[in-house]
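Novice: structure for the following, please:
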Amino acid sequence: MRVEIWSDVVCPWCYLGKRRFENALAQVPFGTEVEVVHRSFQLDPSAPTDHTVETKKMLATKYGMSPERADAVQREMEERAAADGLEYHLDGQEFGNTFTAHRLLQLARERGRQSELIEAMYRAYFTEQQSVFDDASLTALAVEAGLEAAEVSAVLNSDQFTDAVEADIEQAREYGISGVPFYVLDGKYGVSGAQSTDVFVQALEQAHAAAV
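Specialist: Residues are numbered from 1 along each chain as shown. A predicted model of the protein is given here:
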């Protein structure tokens, strides 16, 4: 069974959903047989590529929040993540364009290191307050995930995998996906959002039973 997950590396719900989904996989007897593919999606494709903005300010502008409310939203997200064993540090976090990060995730998929790279990106961004926007930071994370530095550099200095990223985004559009995370099980069943582990278990069991 294949599960495709549309997500963005700057989406706090996506990291939370990833952990809950992994917990669900560990609870079903066929979990090791499930192929997981991470698909590209951008929360804000219009985000600037040459600089970042404070996430708190972005939230306030995008959703019409006061700075105080934006700060409270981030604290609530930190607490929610902690309940699932994730450590988020969102104060002072920066937001930027993730298209290049997604191109590297496409490379990582071809090399069988996609799971390792997306986990490294999430951890760097949400736990360690590192950048996932500049070439140096992305290179370090990609090499940590097992990719060759020369190959990473070749992608960063070209438009390689642009078509693959755009194809994922177009597929999401065709599916009617407007927010992430979004999970498609065996091309038939859709699960929207960072659902509870129990909901993921139920969805996996349903899809598996239908495929047998």
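Novice: please count neighbours and contacts with C-alpha atoms only from this point.
Specialist: OK.
Novice: is W6 in a helix, a strand, or coil?
Specialist: strand (DSSP: H, G, I helix; E, B strand; the rest coil).
Novice: just the helices in this structure please.
Specialist: For the chain, helices defined by DSSP state H occupy the ranges 12-27, 55-63, 67-83, 99-110, 114-122, 135-144, 149-156, 162-175, 197-211.
Novice: and the third one with helix 55-63, angle?
Specialist: What that stands for is helix 67-83. 110 degrees (axes from the mean of the first three to the mean of the last three Cα atoms, to 10 degrees).
Novice: which helices and strands does helix 67-83 pack with?
Specialist: Using 3 or more Cα pairs under 8 Å, 6 or more residues apart in numbering; DSSP states H and E, the elements in contact with helix 67-83 are helix 55-63.
Novice: could you redo the last one with a cut-off of 10 Å?
Specialist: Applying 3 or more Cα pairs under 10 Å, 6 or more residues apart in numbering; DSSP states H and E, one finds that helix 67-83 contacts helix 12-27, helix 55-63.
Novice: looking at those helices, which is nearest to H102?
Specialist: helix 12-27 (14.1 Å; Cα to Cα).
Novice: so how far is that closest one from its chain's centroid?
Specialist: Distance of helix 12-27 from its chain centroid, counting by Cα atoms, centre = their mean, to the nearest Å, is 11 Å.
Novice: return the distance of D44 relative to S178.
Specialist: Using Cα to Cα, to the nearest Å, D44 is found at 11 Å from S178.
Novice: buried residues in the lowest-mean-pLDDT helix or strand in the chain, which are they?
Specialist: Scoring the helices and strands of the chain by mean pLDDT, DSSP states H and E places helix 55-63 at the bottom, with a mean of 92. For helix 55-63, the neighbour count (16 or more other Cα atoms under 10 Å) marks T55, K56, K57, M58, L59, A60 as buried.
Novice: if anything else comes up later, I'll come back, but that's it for now.
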